[in-house]
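Engineer: I would like the atomic coordinates for the input below:
(one chain, ligands or ions: 1)
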Amino acid sequence: MAFGSINSYPNNPRVFKCQAVANLNGLTLEDAEFTMGVTNTTPEYLSKFPMGKTPTFSSADGLHLFESNAIAQYIAENGPAKDQLLGSTPAQRASIQQWVQMSEGEITSHAVTCFLPRVGIVPFNQATEDRAIASLERALGALERHLPGRTWLASEEKLSLADIAVASGLVWGFNLVLDQEICAKYPGVISWFHKVTESEGVKEAFGETKFVEKRQPPQ
Ligand SMILES: N[C@@H](CCC(=O)N[C@@H](CS)C(=O)NCC(=O)O)C(=O)O
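Structural biologist: Numbering: from 1, shown residues only. Below is the predicted model:
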């Protein structure tokens, strides 16, 4: 029996994160029937997920969650990889949370700014995109300073939810705007990203990340 179901459009990096955690815990997630802009505006959906956004999660025993990091945390709590993913001491758990929260506020939100005009949801604005790329580079710089001497972001021995969340935040960035010229400045981040996304359980969820050669404004 599936552990729960996810509502989302296809190829959503926020779902890759949840699926990777499920894989590491040996849990199955189902894809619910979902059409963006339709399903998430229905009274039934809004009664369970009041923001009307995606991804959302319903567990087999009736828990409904929105916010992808809360979903990933809940899935992480429910299996043998719990301590690896979330930490087993207060210090480890706080360090992992630090990166999980950083991934949404400092990475994913700026990557989304670059994604939306490319799928026609908002008009393209060069100044807005430049600010988003500068913010993404600030986060890349932080990661590049943090990684030397480390294999994983938050725990010494093993990949944790910190690595999975930050890597998922970077996917749209690498797909769309963090091109070869930018990536060349952050070799430590690129090598860590490959290590995360080639790890057992993560690679099946993320698939192959396409890196943009030269960023272009949307056509
Ligand atoms: N912080 C939320 C962000 C969710 C989010 O903004 N989802 C977008 C799609 S990527 C959405 O549903 N947008 C629809 C809307 O804003 O109405 C999370 O991590 O789940």
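Engineer: list the contacts for Asp179?
Structural biologist: Residues near Asp179 by CB atoms under 8 Å, 6 or more residues apart in numbering: 211-215. In this view, the C-beta of every residue, glycine as well, is placed from N, C-alpha and C.
Engineer: In CSV, list those along with secondary structure.
Structural biologist: Shown next, in CSV, are these (DSSP: H, G, I helix; E, B strand; the rest coil):
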residue, secondary structure
Phe211, coil
Val212, coil
Glu213, coil
Lys214, coil
Arg215, coil
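Engineer: Roughly how far does the residue lying farthest from the centre of the chain sit from the ligand?
Structural biologist: Within the chain, Pro43 marks the point farthest from the mean C-alpha position, 27.4 Å out by CA atoms, centre = their mean. Computed as CB to the nearest ligand atom, to the nearest Å, the Pro43 to the ligand distance reads 15 Å.
Engineer: and that residue, backbone torsions?
Structural biologist: phi -60, psi -40 (degrees, to the nearest 10).
Engineer: about what we covered before: wait, which of the contacts of Asp179 is closest to the ligand?
Structural biologist: When the contacts of Asp179 are ranked by distance to the ligand (CB to the nearest ligand atom), Val212 comes first, at 18.9 Å.
Engineer: contacting residues for that closest one?
Structural biologist: Counted by CB under 8 Å, 6+ apart, Val212 has contacts 174-179.
Engineer: among these, which are in strands?
Structural biologist: Applying DSSP state E to these, no entry is found in strands.
Engineer: which of those residues sit farthest apart?
Structural biologist: Greatest spatial distance among the contacts of Val212 (CB to CB): Asn175 and Asp179, at 10.3 Å.
Engineer: Which parts of the chain are strands?
Structural biologist: Applying DSSP E to the chain gives strands spanning 4-7, 29-31, 56-59, 64-66.
Engineer: and these as JSON lines, adding distance to the ligand?
Structural biologist: Shown next, in JSON lines, are the strands of the chain (distance: least, CB to the nearest ligand atom, whole Å):
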{"stretch": "strand 4-7", "distance to the ligand": "9"}
{"stretch": "strand 29-31", "distance to the ligand": "15"}
{"stretch": "strand 56-59", "distance to the ligand": "8"}
{"stretch": "strand 64-66", "distance to the ligand": "6"}
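Engineer: okay, the ones you listed, which one's buried deepest?
Structural biologist: Comparing these by mean neighbour count (mean count of other CB atoms under 10 Å), strand 4-7 ranks first with a mean of 22.
Engineer: Parallel or antiparallel, list what pairs with that one.
Structural biologist: If you go by DSSP bridges, strand 4-7 pairs up with strand 29-31 (parallel), strand 56-59 (antiparallel).
Engineer: Which residues does that strand contact?
Structural biologist: Contacts with strand 4-7, where a contact means CB under 8 Å, 6+ apart, come from 15, 18-19, 29-32, 34, 39-40, 45, 49, 54-60, 63, 71, 75.
Engineer: now stretch 183-196
Structural biologist: 137, 140-141, 143-144, 147-148, 151-153, 159, 163-164, 167, 170, 174, 202, 209, 211.
Engineer: Could I get the buried residue list for that stretch?
Structural biologist: 183, 186, 189-190, 192-193, 196 (16 or more other CB atoms under 10 Å).
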